[in-house]
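> heads up, no residue letters with this:
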């Protein structure tokens, strides 16, 4: 189970409909017995022989294979897909809603929202006029590639999966678990708001190493907080040398043009087949 | 982080292979977890014990091979040992490191009793 949030899997709901591909919930109780049977034990008559079977598989192989299928699906459809990750409360949904308004339908777009519970974030996105599908992970602390595949099917059925455009995937607010799960996205975008600590990259190194873009958000609040922007960028680049960084505020609009330009360049690269 | 998901995967992979081999039960699952992997090895071992209940792996011993972290230092042009992802190169103090080993989360093999 997740030592951060105590999560498991098996309670996934996409667009209000429970989905069955997640592993069934298991009876979980502590104190599993661990019997030790030595290898190459002497085979006495009447006892069973023991065999060692090689497996040699990555524990994330199933997810990674589905992520590769998602990536191929995005490429075929000309979708520039981004996986937004951050701690809860950094302003992911506000950023996405604001970005959609500023984007002004330069290309079609859709949003996949991930949260443990509620449809609130998808509703906030729909209020901008953009299509959104909500994944509720139940007790799960991250989205996985199979959930995204299910959400893509739902968008397709609803006729709202764009062609030659943007797909925003807002992950569950958590700087730990989503780092390990490839969803098939072109890039993970990590958001760090200035109301958080500037040492967060050092505290959550896996996530900042997995990201391709760091967005430092809420910069209109810099005069009121002790956040050291240069220190935060320095910490992040210790983990990921050369990491791209953009600073913005949806409230003042500062930095938003550069962010839209980054998105437009990504869309163009995806259309030309040299995305990722 | 997400250890229960990974434990479910490990036990499912073990069961799949054990069933194909017509096993009566799985007596041991051996994992390889790198020092730099996105997982806590002790928690993963504990979770494997939990999710193995009511499966062929119920009661199986879960062992974990710990793999040391290694990285390529672009500055020193050599492999260096790394115990934490955020550490600097032990020789030059630089951070231009690319992890080359120690970030794996794998199931290596299982021991089974045949029917």
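Here it is on my side, so go on. Nothing here was measured: the structure is a model prediction, and the numbers come from that model. Residues are numbered from 1 along each chain as shown, chains lettered A, B, ... in the order given.
> quickly find the element holding the residue in chain B that chain A sits nearest to.
Here the residue of chain B nearest chain A is residue B:49; by C-beta to the nearest C-beta that distance is 3.2 Å. Any C-beta I mention is one placed from the backbone N, CA and C, and that applies to glycine too. If you go by DSSP states H and E, residue B:49 is part of helix B:41-51.
> give me the buried positions along that helix.
Going by neighbour count (16 or more other C-beta atoms under 10 Å in any protein chain shown), the buried part of helix B:41-51 is B:41, B:43, B:44, B:45, B:46, B:47, B:48, B:49, B:50, B:51.
> which ones are touching residue A:254?
Taking C-beta atoms under 8 Å, 6 or more residues apart in numbering or on different chains as the criterion, residue A:254 is in contact with A:219, A:220, A:247, A:248.
> let me know the helix or strand that it is in.
Following DSSP H and E, there is no helix or strand that holds residue A:254.
> got a pLDDT number for it?
What the model reports for residue A:254 is a pLDDT of 98.
> and what of the one 4 residues further on?
With respect to pLDDT, residue A:258 scores 98.
> residue 58: neighbouring residues, count only.
I'll assume chain A. For residue A:58, the tally of surrounding residues (other C-beta atoms under 10 Å in any protein chain shown) stands at 16.
> could you do chain B instead?
One way to gauge burial is a neighbour count; for residue B:58, by other C-beta under 10 Å, it gives 16.
> any idea how far it is from residue A:151?
Distance check for residue B:58 against residue A:151: by C-beta to C-beta, to the nearest Å, it reads 35 Å.
> and the stretch 151-276 of chain A, which residues reach chain B?
Contact residues, the stretch 151-276 of chain A versus chain B (C-beta under 8 Å from any C-beta of the partner chain): A:176-177, A:179-181, A:202, A:205-206, A:209, A:237-239, A:241.
> ranking those by neighbours, who comes first?
Top of those by neighbour number is residue A:177, holding 28 neighbours under the definition other C-beta under 10 Å.
> pop out the phi and psi values for residue B:100.
Taking degrees, to the nearest 10, you get phi -110, psi -20 for the backbone angles of residue B:100.
> any idea how many residues pack against it?
By other C-beta under 10 Å, 13 other residues sit near residue B:100.
> for the spatially most central residue of chain B, give me its contacts.
In chain B, the C-alpha nearest the mean C-alpha coordinate belongs to residue B:33, at 2.7 Å (C-alpha atoms, centre = their mean). Applying C-beta under 8 Å, 6+ apart, we find residue B:33 in contact with B:39, B:41, B:44, B:64, B:65, B:66, B:67, B:104, B:105, B:106.
> just the angle for the longest helix anywhere in chain B relative to helix B:41-51, thanks.
Longest among the helix segments of chain B by residue count, using DSSP state H, is helix B:3-20. If you take axes from the mean of the first three to the mean of the last three C-alpha atoms, to 10 degrees, helix B:3-20 sits at 50 degrees to helix B:41-51.
> for helix B:3-20, packing partners?
Secondary structure elements in contact with helix B:3-20, counted by 3 or more C-beta pairs under 8 Å, 6 or more residues apart in numbering or on different chains; DSSP states H and E, are strand A:50-58, strand B:23-34, helix B:41-51, strand B:105-114.
> for the helix or strand of chain B with the lowest mean pLDDT, packing partners?
Among the helices and strands of chain B, strand B:97-101 carries the lowest confidence by mean pLDDT, DSSP states H and E, at a mean of 91. In this structure, strand B:97-101 packs against strand B:70-73, with contacts taken as 3+ C-beta pairs under 8 Å, 6+ apart.
> residues in contact with the strand it packs on?
Contacts with strand B:70-73, where a contact means C-beta under 8 Å, 6+ apart, come from B:78-82, B:89, B:91-92, B:94, B:96-102.
> point out where chain A drops to low pLDDT.
Low-confidence segments of chain A, defined by pLDDT under 70: A:1-10, A:20-48, A:274-276.
> the same query, at a cut-off of 50, please.
When the per-residue scores of chain A are filtered using pLDDT under 50, the ranges that remain are A:1-6, A:22-43, A:45-46, A:275-276.
> which residues of it fall in helices?
Counting by DSSP H, chain A has these helices, from start to end: A:61-77, A:92-103, A:120-126, A:145-157, A:200-203, A:205-210, A:229-239, A:256-271.
> thought residue A:58 was touching residue B:104?
Yes: distance between residue A:58 and residue B:104: 7.0 Å, which falls inside the contact criterion (C-beta atoms under 8 Å).
> before we move on, back to that, need the contacts of residue B:33 in JSON lines with pLDDT, can you?
As requested, those are arranged in JSON lines below (pLDDT from 0 to 100):
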{"residue": "B:39", "pLDDT": "89"}
{"residue": "B:41", "pLDDT": "90"}
{"residue": "B:44", "pLDDT": "95"}
{"residue": "B:64", "pLDDT": "95"}
{"residue": "B:65", "pLDDT": "95"}
{"residue": "B:66", "pLDDT": "94"}
{"residue": "B:67", "pLDDT": "95"}
{"residue": "B:104", "pLDDT": "94"}
{"residue": "B:105", "pLDDT": "95"}
{"residue": "B:106", "pLDDT": "96"}
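> any of these buried? List them.
Buried residues within the contacts of residue B:33, counting neighbours by 16+ other C-beta under 10 Å: B:39, B:41, B:44, B:64, B:67, B:104, B:105, B:106.
> could I get these as JSON lines with distance to chain A?
Formatted as JSON lines, the entries for these read as follows, by distance: C-beta to the nearest C-beta, whole Å:
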{"residue": "B:39", "distance to chain A": "8"}
{"residue": "B:41", "distance to chain A": "12"}
{"residue": "B:44", "distance to chain A": "9"}
{"residue": "B:64", "distance to chain A": "12"}
{"residue": "B:67", "distance to chain A": "13"}
{"residue": "B:104", "distance to chain A": "7"}
{"residue": "B:105", "distance to chain A": "4"}
{"residue": "B:106", "distance to chain A": "5"}
